[in-house]
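>>> What follows is a predicted structure for the sequence shown.
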Amino acid sequence: MSHDFNFSIKTQRLDEHYEPSTSTRITTNFANLARGESRQANLRNALTMIDSRFNALAHWDNPNADRYAVELEIVSVDMDITGSDEAFPSIEVLKTYILDKQTNERIEGIVGNNFSSYVRDYDFSVLLLNHNKDKPQFSIPEDFGDLHGKLFQYFVNSETYRNNFKKPPVICLSVSDNKTYRRTENQHPVLGFEYLPNESSLTEQYFQKMGLQVRYFMPPNSVAPFAFYFFGDLLNDYSNLELISTISTMETFQKIYRPEIYNANAVAGKIYKPNLKNLDHSLTQIIYDREERSRLAKEQGKFAEECFIKPYQNILAQWSANFA
C-alpha cells in the first residue's frame, strides 16, 4: 500500500518585528538573530546589510545604490503523515522578494536560500553520532540521508510546491573548512569566479540525495566562495536579480555566523582553504551564541527522533521503499 503525505505551507514575514514560532528550529540563522535583548537591533542591522549588499551587486541603473530593497519571507512546511492533521514541521526555507523603488515593482526572488530541517538534525546529531560511538574509525551508515532526501524531493515535486513557487529552490551554504578550493577561469557577472573543491564532502553527498547538485562561486567583493545547491542550470534558470537576492541574504548571515571565513580581512586566493580558527577577521555588530547553536542541534535531533522517526518508523520505512 502506498502512502501519501500531505504538505501545508505557512509563511511569515522576516522583518524587525519577527518572533520565531514554537515549531521553528532555534538554530536556524534568522531565528537565532531574533532572540535575546538585542533581537530588534540584530534583525534591523542584518536587513540593512542585505539591502546594502544587494544594491552594491545590482549597480547598473542604480547610481545612488538605493534602488532596491529585499523582503524576506519564512516558508514553513508541515507534513501530515497519517491524515489526522497532526503535522510535523518538516523543513523551513526563506523566500526573497525584490522591491524596485524606481518602478514600484515587487519582483519574486528565489525560494530556498537558508535550509532548516529537523530530520537533518536527527541524521547528523543523533544517527551519525550513535553509529560512530566507540568505533575507532569514523564511518557513515549505509542509508545515511536516504529518507530525508526522498522526503525533500517528494515535497519539491508536490502540487503544494508547484502551487506556491514558480522555480525550483536554490540553497546557499558556507564552504567546508576541511576541503581545499581552487579558482577556475569561469566567471559569471553576478556569481563571480567559480571554485572547484579537491574532494566531495559529507554535506555534498547528503544534498545529492535530496536531488541537488552543487557549484562553488565567489561573488564580486566577497572574500570567500559559497556553495550553491540547485536543480537544473544555476546560471541560466535564474535572473541576475534573483541570484543577487540569494547572495545578499546568505552572505549577510554567513558574515554574522562564520566571520572567520566570510568577514575575513584577506580575500580567498587561487587556492583557498577555509579556516574557522582564522583570527584575522572582523565582527559584525550582531550578537549570537555559537555554543548554544551546537548544543541545540542535538536537542532538535532528539525531538525529530521522538516525534517523527520513532512513532512513524513503519510508515516511513514502507513509504521510503516504494519511493520512485
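Received, thanks. Numbering: from 1, shown residues only.
>>> Could you tell me how far stretch 104-117 lies from the centre of the chain?
Computed by CA atoms, centre = their mean, to the nearest Å, the separation of stretch 104-117 from the middle of its chain amounts to 11 Å.
>>> I meant to write stretch 203-222 there.
Mean C-alpha position of stretch 203-222 versus that of the full chain (CA atoms, centre = their mean) differs by 10 Å.
>>> One more: stretch 82-102?
13 Å.
>>> Going by neighbour count, list what's buried in that stretch.
87-100 (16 or more other CB atoms under 10 Å). Where you see a C-beta, it was placed from the backbone N, CA and C, and this is true even at glycine.
>>> Among these, which lie within strands?
Of the positions in those, 87-100 sit in strands, assigned by DSSP state E.
>>> Farthest pair within those residues?
Farthest-apart pair in these is Phe88 and Asp100; separation 38.0 Å (CB to CB).
>>> List the contacts of the nearest residue to Ser90 once chain neighbours are set aside.
Of all residues not flanking Ser90 in the chain, Met79 sits nearest, at 4.1 Å (CB to CB, 6 or more residues apart in numbering). Going by CB atoms under 8 Å, 6 or more residues apart in numbering, Met79 touches 5-7, 87-88, 90, 151, 155.
>>> same question, Tyr161
By CB under 8 Å, 6+ apart, the residues touching Tyr161 are 7, 155.
>>> Tell me the secondary structure at it.
With DSSP: H, G, I helix; E, B strand; the rest coil as the basis, Tyr161 sits in helix.
>>> Likewise for Glu251?
Following three-state DSSP, we place Glu251 in the helix state.
>>> Against Glu242, how distant is it?
In this view, Glu251 and Glu242 are 15 Å apart by CB to CB, to the nearest Å.
>>> In terms of neighbours, single out the busier of these two.
Looking at Glu251 and Glu242 with other CB atoms under 10 Å, you find the greater number of neighbours at Glu251, namely 25 against 18.
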